[in-house]
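Novice: Sequence isn't available, so here's the structure alone:
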């Protein structure tokens, strides 16, 4: 174990490394996406939406942009009768 990255309040659903290995993006059930600086173990930036479950995060090839797949947990399943 080299580092422990602390910050998410609930389960982390997905994590992705940037191609250069210097950054990690994580997202989970707390509605947050966090960008981590791996050499220091510090969270550089947090993007938060309390109504969102983050399912996936992925760096684009140039490492400057991040794609996110998420769902709004407030959505309900409506069925017609």
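Specialist: Yep, that arrived. All values reported here derive from a predicted model rather than from experimental measurement.
Novice: Could you check the pLDDT of the nearest residue to residue 3 once chain neighbours are set aside?
Specialist: Nearest in space to residue 3, with sequence neighbours left out and distances taken as Cβ to Cβ, 6 or more residues apart in numbering, is residue 41 at 4.1 Å. All C-beta atoms are positioned from the backbone trio N, CA, C, and that covers glycine. pLDDT recorded at residue 41 is 94.
Novice: start to end distance for stretch 46-53?
Specialist: Its start and end residues considered, stretch 46-53 measures 14 Å (Cα to Cα, to the nearest Å).
Novice: ok now do residue 71, which residues does it touch?
Specialist: 52-53, 55 (Cβ atoms under 8 Å, 6 or more residues apart in numbering).
Novice: 10 Å - rerun?
Specialist: Neighbour list for residue 71: 51-55 [criterion: Cβ atoms under 10 Å, 6 or more residues apart in numbering].
Novice: Then residue 41?
Specialist: Counting by Cβ under 10 Å, 6+ apart, residue 41 touches 2-6, 24.
Novice: What of residue 19?
Specialist: Counting by Cβ under 10 Å, 6+ apart, residue 19 touches 59-63.
Novice: Also residue 39?
Specialist: By Cβ under 10 Å, 6+ apart, the neighbours of residue 39 are 2-3, 21-23.
Novice: Is there a neighbour count for the nearest residue in space to residue 48 that is not next to it in sequence? I'd like the number.
Specialist: By the measure of Cβ to Cβ, 6+ apart, the closest residue to residue 48 outside its immediate chain neighbours is residue 32, 4.8 Å from it. Residue 32 has 21 neighbouring residues, counting by other Cβ atoms under 10 Å.
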